[in-house]
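Engineer: For reference, the sequence and a predicted model appear below.
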Amino acid sequence: MDCVIDVQDLHREFVTSKGWVHRKKERVKAVDGISFQVKRGEVFGLLGQNGAGKTTTIKMLITLLAPTKGKCEVLGFDTFSQEKKIRNRINFIFGGELGLYRRLSARDNLKYFACLYHIGQEEADSRTARILELVGLSEKADILVETFSKGMIQRLQIARGLLNDPEILFMDEPTVGLDPLGARMLRDIIRTLKEEGKTILLTTHYMYEADELCDRIAILNHGKLVAIDTPANLKKLAEEEEVIEIRLEYPMENKVKEIEMIQGVKQAVLQQDEKDCLLTVKYSAGAEIIEAVMEILKGTKVHSFSNREITLEDVYIKMLEGLS
Amino acid sequence: MFKIEEFLCYETLYPLLTLIFYCVLAGYSYQTSDLTRWVVGNSFLLCINTCIFTLGSTFMAERAYGCVRSLIVSPSHKLGIILHKGFFTCIAAMATVIIGFFAGGLIFSVDYSGINWFLFFTAVVTAMFAAAGFGMFIGIFGLITDQMHFVLNFMSYVLMIFCGANFPIEQLPPGARLVSDFLPLTHSIEAVNMLFGTINRYQFIRLLLREAGIGILYYLLSFFLIRLIEKVSVKKGAMEVF
């Protein structure tokens, strides 16, 4: 598999000036020397907190923003000086409701964007119909976008991103605002695109989504790359831990502290839901803590008890907590 | 999407009221009942709404829709995008000017007898061509600034003052006359005013050629400038920071 995205020591600074007489320049490092490569046909995830530099990285890759320093190549071309050779072969989907003409119908929006990509009239008509079918908007194709729900707008964004049949698709939080069915539909679309051999670079805050879809994941923090590997290998970073989840009837803060005192327990977190509470206990693999935990919980109504595997979210949180 | 009520209110009624305002003002200021030259000048100025504000705010409007990134990242030439959107705008501008010319003439009793309509329509087409080029040129700056309301209003007043619609150019100071020479509408307004007196066909054609030349100048400037401005905005990250 050849490399279609090549990022080496990439930096991006934003400079803002304040004051009239004594102008002060403020520099914010949005991306701070990251390096990674993405192979053709790969689904590559970029994870990180808000402000970690994911969107800035995507903007540089889609030729919308110039790097301050470093190498940023897509399909073998520099994204700033050779952008014309890239633009026809890529597309992007940004989450949110902006990016479409609300006073046009879904079909007219797609036809207009097809025109921007120099797609002929006949081809544009057939592609528009096919893509609207794919995203489940065929029946609403001739209705004005201003009447669409958030989820429908997001699905239309996806349709717009697929119009030019891109080799690489950049997706920045594409499932934001989608209901569970819509999000599942998008994940199915991503899988279909992967089967077709498309390369996808995806950012998301939903860890299970990244775990399910991505071949490799890079974790960013404050503009720096802190980890890059397959989801399975990333999870191995927390292999020495195990997790139990207990659903309980009553909040019991003091008991949580007692559980945390048990030898081998690394963390105990209590989250209150509408119906009951969820107690998550992380402990060193092999440690015998279950009896001790149940002893402390004696007298508290336990609804369920489960020993679950380490998730990507556990690794992600562990990694970021370790850094802070 | 074209809506007739929007066209009537925004492109016709509102500009017509502006025309009436300036003609009444001129009538009182110059103590004259012959308002032909102000009707001509201000009817041409009516294209400001469409050519300057609509074309000039192309990228500003795209930014408001969140579509500017889609346009920039698309392989289309950015000038083509403005021209694409500007074609219908220019037709609307011509309609506005003609409606304004006749409505203003009716209100202020302009004598149309003896006017050469072919030359008049040629002047309107040339003027709109030049004004659209000017609007497009201004619109490009929407890629690097969020102060387009200021830029567009400033430019519309520059046109009002310097194109000879309201103040005779010969009364302007020499520096200001130079500005007039490089603005759209100046020469076509002068040419159409000639239609109400003795027509010197050579002079008329010369004025329209100059008007067309001004238009071509702005189209060429836009063509060369847009690439530079696009690069600057990508470098500064100005595309979506506002």
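Structural biologist: Good, I have the coordinates.

Engineer: And for the residue nearest to B:Y218 when sequence neighbours are not counted, the neighbour number?
Structural biologist: Spatially, and ignoring its direct neighbours in sequence, B:Y218 is nearest to B:G133 (3.5 Å; CB to CB, 6 or more residues apart in numbering or on different chains). All C-beta atoms are positioned from the backbone trio N, CA, C, and that covers glycine. B:G133 has 25 neighbours, counted by other CB atoms under 10 Å in any protein chain shown.

Engineer: now B:G213
Structural biologist: Around B:G213 there are 12 residues (other CB under 10 Å).

Engineer: How many residues are close by the closest residue to chain B within chain A?
Structural biologist: Proximity of chain A to chain B (CB to the nearest CB) peaks at A:L98, 2.5 Å away. A:L98 has 18 neighbours, counted by other CB under 10 Å.

Engineer: wait, what's in contact with B:G135?
Structural biologist: Shown in contact with B:G135 (CB atoms under 8 Å, 6 or more residues apart in numbering or on different chains): B:C51, B:I52, B:F53, B:T54, B:L55, B:G56, B:G86.

Engineer: in what helix or strand does it lie?
Structural biologist: Taking DSSP states H and E as the criterion, B:G135 maps to helix B:117-140.

Engineer: now do A:F92
Structural biologist: Using DSSP H and E, A:F92 falls within strand A:90-94.

Engineer: which helices and strands does that strand pack with?
Structural biologist: helix A:150-162, strand A:168-172, helix B:68-73 (3 or more CB pairs under 8 Å, 6 or more residues apart in numbering or on different chains; DSSP states H and E).

Engineer: What strands flank the second one, and is each parallel or antiparallel?
Structural biologist: Sheet pairing of strand A:168-172 (DSSP bridges) gives strand A:90-94 (parallel), strand A:199-203 (parallel).

Engineer: Would you mind finding the most buried of those?
Structural biologist: strand A:199-203 (a mean of 25; mean count of other CB atoms under 10 Å in any protein chain shown).

Engineer: Of the contacts of B:G135, which is the nearest to A:L10?
Structural biologist: B:G56 (35.8 Å; CB to CB).

Engineer: Which parts of chain B are helices?
Structural biologist: B:4-6, B:14-30, B:36-45, B:47, B:55-56, B:58-65, B:68-73, B:78-107, B:117-140, B:148-162, B:174-181, B:186-195, B:201-236 (DSSP state H).

Engineer: Out of those helices, indicate the one that is most buried.
Structural biologist: helix B:47 (a mean of 33).

Engineer: quick one on the thing from earlier: can you lay out the helices of chain B as TSV showing mean pLDDT?
Structural biologist: Shown next, in TSV, are the helices of chain B (pLDDT from 0 to 100):
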stretch	mean pLDDT
helix B:4-6	75
helix B:14-30	87
helix B:36-45	86
helix B:47	81
helix B:55-56	81
helix B:58-65	79
helix B:68-73	82
helix B:78-107	82
helix B:117-140	89
helix B:148-162	89
helix B:174-181	90
helix B:186-195	90
helix B:201-236	89
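
Engineer: Name the nearest residue to B:K235, ignoring sequence neighbours.
Structural biologist: Nearest residue to B:K235, sequence neighbours excluded (CB to CB, 6+ apart): A:A66, at 4.5 Å.

Engineer: And B:F53, by the same measure?
Structural biologist: Per CB to CB, 6+ apart, closest to B:F53 is B:L152, 5.6 Å.

Engineer: Equivalent analysis for B:K85, please.
Structural biologist: B:K85's closest residue in space is B:T58 (CB to CB, 6+ apart), at 5.8 Å.

Engineer: A:V145 now?
Structural biologist: A:R102 (4.8 Å).

Engineer: Other residues contacting whichever helix or strand A:K282 is part of?
Structural biologist: Taking DSSP H and E as the definition, one finds A:K282 inside strand A:277-284. The contact list for strand A:277-284, computed with CB under 8 Å, 6+ apart, reads A:240-252, A:256, A:259, A:262, A:264-271, A:289, A:293, A:314.

Engineer: residues from chain B in reach of chain A?
Structural biologist: B:1, B:65-67, B:69-76, B:81, B:84, B:231, B:234-235, B:237, B:239-241 (CB under 8 Å from any CB of the partner chain).

Engineer: Could you list which residues are in contact with the residue nearest to B:Y218?
Structural biologist: Residues counted as contacts of B:G133 (CB under 8 Å, 6+ apart) are B:P184, B:I214, B:G215, B:I216, B:L217, B:Y218, B:Y219, B:S222.

Engineer: if you look at the helix or strand following the strand holding A:F92, does any of it touch chain B?
Structural biologist: Where DSSP H and E defines the elements, the next helix or strand beyond strand A:90-94 is helix A:106-116. Yes - residues of helix A:106-116 contacting chain B under CB under 8 Å from any CB: A:F113, A:C115, A:L116.

Engineer: Please render these as JSON lines that adds neighbour count and pLDDT to the earlier fields.
Structural biologist: Output for these, formatted as JSON lines (neighbours: other CB atoms under 10 Å in any protein chain shown; pLDDT from 0 to 100):
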{"residue": "A:F113", "neighbour count": "26", "pLDDT": "90"}
{"residue": "A:C115", "neighbour count": "16", "pLDDT": "89"}
{"residue": "A:L116", "neighbour count": "20", "pLDDT": "88"}
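
Engineer: residues from chain A in reach of chain B?
Structural biologist: So far as CB under 8 Å from any CB goes, chain A lies against chain B at A:12, A:14, A:59, A:62-66, A:80, A:84, A:87-88, A:90-92, A:94, A:96-104, A:113, A:115-118, A:160.

Engineer: thinking again about what came up before, pLDDT wise, what is the residue of chain A closest to chain B at?
Structural biologist: A:L98 carries a pLDDT score of 81 in this model.

Engineer: where does A:D32 land in three-state SS?
Structural biologist: Three-state call for A:D32 (DSSP: H, G, I helix; E, B strand; the rest coil): strand.

Engineer: Shouldn't A:I228 be within a strand?
Structural biologist: Yes - assessed with three-state DSSP, A:I228 lies in a strand.

Engineer: got the contact list for the residue nearest to it when sequence neighbours are not counted?
Structural biologist: Excluding the flanking residues, the one nearest A:I228 by CB to CB, 6+ apart is A:A218, at 4.3 Å. By CB under 8 Å, 6+ apart, the contact list for A:A218 reads A:I34, A:F36, A:F44, A:G45, A:L46, A:L47, A:L225, A:A227, A:I228.

Engineer: next one: B:L83
Structural biologist: By CB under 8 Å, 6+ apart, the neighbours of B:L83 are B:M136.

Engineer: and the gap between it and B:F223?
Structural biologist: From B:L83 across to B:F223, the span is 10 Å (CB to CB, to the nearest Å).

Engineer: Now do the same contact list for the closest residue to B:F196 other than its chain neighbours.
Structural biologist: Nearest residue to B:F196, sequence neighbours excluded (CB to CB, 6+ apart): B:T36, at 5.4 Å. B:T36 makes contacts with B:F108, B:V110, B:D111, B:N193, B:F196, as judged by CB under 8 Å, 6+ apart.

Engineer: cutoff 10 Å now
Structural biologist: B:23, B:104-105, B:108-112, B:192-193, B:195-197 (CB atoms under 10 Å, 6 or more residues apart in numbering or on different chains).

Engineer: Local confidence estimate at the residue nearest the centre of chain A?
Structural biologist: Compute the mean C-alpha point of chain A, and by CA atoms, centre = their mean the closest residue is A:T204, 1.3 Å away. Looking at A:T204, its pLDDT is 87.

Engineer: Buried residues, stretch A:177-196. List them.
Structural biologist: A:G177, A:L178, A:G182, A:A183, A:M185, A:L186, A:R187, A:I189, A:I190, A:L193, A:K194 (16 or more other CB atoms under 10 Å in any protein chain shown).
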